[in-house]
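Trainee: Starting from these lines, generate the structure:
(4 chains)
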2 protein chains.
Amino acid sequence: MSTSPKPLAGRRAQAARNDEVILEAARAVFLDDPKAPIAAVADRAGVGISALYRRYAGKEALLRQLCHDGLRRYLAVAEEALAEPDNWAAFAGFLAGVVDADVHSLTVHLAGTFTPTEEMGRDALRAGELATALVDRAHASGRLRADVVVQDLGLVLEACAAVRVPDSERTRQLRRRQLAVLLGGLSTAPDSDPLPGPPPAAGEFDWRWRLRE
Amino acid sequence: MSTSPKPLAGRRAQAARNDEVILEAARAVFLDDPKAPIAAVADRAGVGISALYRRYAGKEALLRQLCHDGLRRYLAVAEEALAEPDNWAAFAGFLAGVVDADVHSLTVHLAGTFTPTEEMGRDALRAGELATALVDRAHASGRLRADVVVQDLGLVLEACAAVRVPDSERTRQLRRRQLAVLLGGLSTAPDSDPLPGPPPAAGEFDWRWRLRE
DNA sequence: GCAGAGCGGAACGATCCGTTCCACTGTTAG
DNA sequence: CTAACAGTGGAACGGATCGTTCCGCTCTGC
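Mentor: Residues are numbered from 1 along each chain as shown, chains lettered A, B, ... in the order given. Predicted coordinates:
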């Protein structure tokens, strides 16, 4: 056998485990502060800085990986939501899923800190398609206000991501509350004024992806 | 007379005008980025760094002044709103006023960057009282969901302040839209589920005021 | 055993930023 | 008219931060 009977104790196994530990730490740290120093990630992971640089070419590479993971998670949540038969439940479930996974912070808030790959561009495009499908279905259910557009999701997610308290579980609770209020506001209601101002336009929130911040 | 007939052209007048120019620039700059360098303020104001340090003991003093001004503006908006006879209109008008004046960014987001004065403490206390009064009146109007508490205002304002695009006027529009959705969600609606999770507690959002960030 | 993968963390160099300092300029009091 | 000076612009300084490199050590896998 080329593998020993107990590979979990070996140096290679430890290294393999570090792969995940480091990613997890990076997620936690950069979620808390998008421009945290790389040393903070190493500390949080309980490893040295070398362990990081052995795996990633630099900070930018790590951030890119993290963001791409978040994007993939977004796609997974959206696809799972689309499997839900009820149109409104699919819409609401999608938003709750994105909020719980903190995907918005992982993607939008990390923008501008690295140059994106083309694969990320494709994934982002697909993410937009899925979101549009979910909004369309929500409209079809008749429960979503007629004057709500896909780009309003950006506002909603930003609003939820903006809620932060030191305790992460409590943060999740408060974000759920925020989301509940927002969903109430997005629902059709008798005798309500139309939403004010021109709705958010396509690409209006993409400014973070262009150059510095 | 000790004052010349045309004081607007003199050096002292120029200096007096700089007082406002600098404050205005500081507001714009720190609103855009709470940890912007002080040189950015000087550049924006079109003055040298000395002009800043002649007026303020240091960055912290400037930030403190700015924040206190924001707090006072908050009080002014709240008192103006309380003069409105209609309970719900007072509540909605107050939120719109705070959002438009961008007071939230001026106060909460600058927290932790300076040590507050006791006068600010008093003003903050009074701000809480006025907010409570407005929420109470909104409850009395019957249009505000029964399970909404004063601290929910923090969530709402944070949500609006989180909306940012490069153009400031457009930002205002989008924030108004966000606010409209939120107000819809805060309104009583037939057959709606209660808001999830424990409501935000008193002092739960004060963590920014304690130590670094 | 031994070659080397994997690692910890000190050290380095590049920024960045708050603050100080000094030379200069136009004003104003006498 | 002129001496003093309030007001100013901006270079320079010192400290802090952070990404990255590098070196010496350990422990594994053969």
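Trainee: Going by C-alpha atoms from here, please, whenever you check contacts or count neighbours.
Mentor: Noted.
Trainee: Below-threshold pLDDT in chain A: ranges please.
Mentor: Within chain A, the stretches with pLDDT under 70 are A:1-9, A:211-213.
Trainee: So which residues of it form helices?
Mentor: A:11-32, A:38-45, A:49-55, A:59-82, A:87-101, A:103-107, A:118-141, A:152-161, A:168-186 (DSSP state H).
Trainee: The second one close to chain B?
Mentor: It refers to helix A:38-45. No. Using Cα under 8 Å from any Cα of the partner chain, we find that helix A:38-45 stays clear of chain B, coming within 14.3 Å at best.
Trainee: who touches the spatially most central residue of chain A in this structure?
Mentor: Centroid-nearest residue in chain A: A:Val103, 1.3 Å away (criterion: Cα atoms, centre = their mean). A:Val103 is in contact with A:70-71, A:73-74, counting by Cα atoms under 8 Å, 6 or more residues apart in numbering or on different chains.
Trainee: who wins for most neighbours among these?
Mentor: Most neighbours among these, by other Cα atoms under 10 Å in any protein chain shown: A:Tyr74, with 27 neighbours.
Trainee: separation between that residue and DNA strand D?
Mentor: 25 Å (Cα to the nearest atom of the strand, to the nearest Å).
Trainee: Surely that residue touches A:Leu130?
Mentor: No. Here A:Tyr74 does not reach A:Leu130: they are 9.8 Å apart, not a contact under Cα atoms under 8 Å.
Trainee: Which single one of the contacts of A:Val103 is nearest to A:Ala39?
Mentor: A:Gly70 (21.7 Å; Cα to Cα).
Trainee: what sits against that closest one?
Mentor: A:Gly70 neighbours (Cα under 8 Å, 6+ apart): A:103-104, A:106-107.
Trainee: Kindly report the same for A:His104.
Mentor: A:70, A:98, A:157-158, A:161.
Trainee: rerun at 6 Å
Mentor: The contact partners of A:His104, taken as Cα atoms under 6 Å, 6 or more residues apart in numbering or on different chains, number zero.
Trainee: Could you measure from it over to B:Ile38?
Mentor: As judged by Cα to Cα, to the nearest Å, A:His104 and B:Ile38 stand 31 Å apart.
Trainee: repeat for A:Thr113
Mentor: A:Thr113 is 23 Å from B:Ile38, where distance means Cα to Cα.
Trainee: What of A:Leu174?
Mentor: Distance from A:Leu174 to B:Ile38, by Cα to Cα: 35 Å.
Trainee: Show me how chain A divides into domains.
Mentor: For chain A, automatic domain parsing gives the domain ranges A:1-55, A:66-209.
Trainee: chain center to the first one: distance?
Mentor: It refers to domain A:1-55. Centroid separation between domain A:1-55 and its chain, computed with Cα atoms, centre = their mean, to the nearest Å, is 21 Å.
Trainee: what does chain A put close to DNA strand C?
Mentor: For chain A, the residues in contact with DNA strand C (Cα under 7 Å from any atom of the strand) are A:11-12, A:14-15, A:18, A:46-51, A:54.
Trainee: Of those residues, which is the most crowded?
Mentor: Counting neighbours by other Cα under 10 Å, A:Asn18 leads those with 18 neighbours.
Trainee: quick one: that one and chain B, what's the gap?
Mentor: From A:Asn18 across to chain B, the span is 28 Å (Cα to the nearest Cα, to the nearest Å).
Trainee: Distance of A:Val135 relative to DNA strand C?
Mentor: 40 Å.
Trainee: Any chance of the contacts of A:Gly70 in JSON lines with distance to A:Asp33 as columns?
Mentor: Output for those, formatted as JSON lines (distance: Cα to Cα, whole Å):
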{"residue": "A:Val103", "distance to A:Asp33": "14"}
{"residue": "A:His104", "distance to A:Asp33": "13"}
{"residue": "A:Leu106", "distance to A:Asp33": "11"}
{"residue": "A:Thr107", "distance to A:Asp33": "13"}
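Trainee: between those, which is nearest chain B?
Mentor: Distance to chain B across the contacts of A:Gly70 (Cα to the nearest Cα) is lowest for A:His104, with 12.7 Å.
Trainee: Just give me the neighbour total for A:Gly10.
Mentor: 11.
Trainee: Same question for A:Ser192.
Mentor: Every residue meeting other Cα under 10 Å relative to A:Ser192 is counted, giving 10.
Trainee: That one and DNA strand C, how far apart?
Mentor: From A:Ser192 across to DNA strand C, the span is 45 Å (Cα to the nearest atom of the strand).
Trainee: Now do that residue against chain B, distance only.
Mentor: 8 Å.
Trainee: Please apply the same query to A:Ala78.
Mentor: Separation of A:Ala78 from chain B (Cα to the nearest Cα): 23 Å.
Trainee: ok, that residue to A:Ala180 distance?
Mentor: 19 Å.
Trainee: Give me the more crowded residue out of these two.
Mentor: More crowded of A:Ala78 and A:Ala180, by other Cα under 10 Å: A:Ala78, with 24 against 21.
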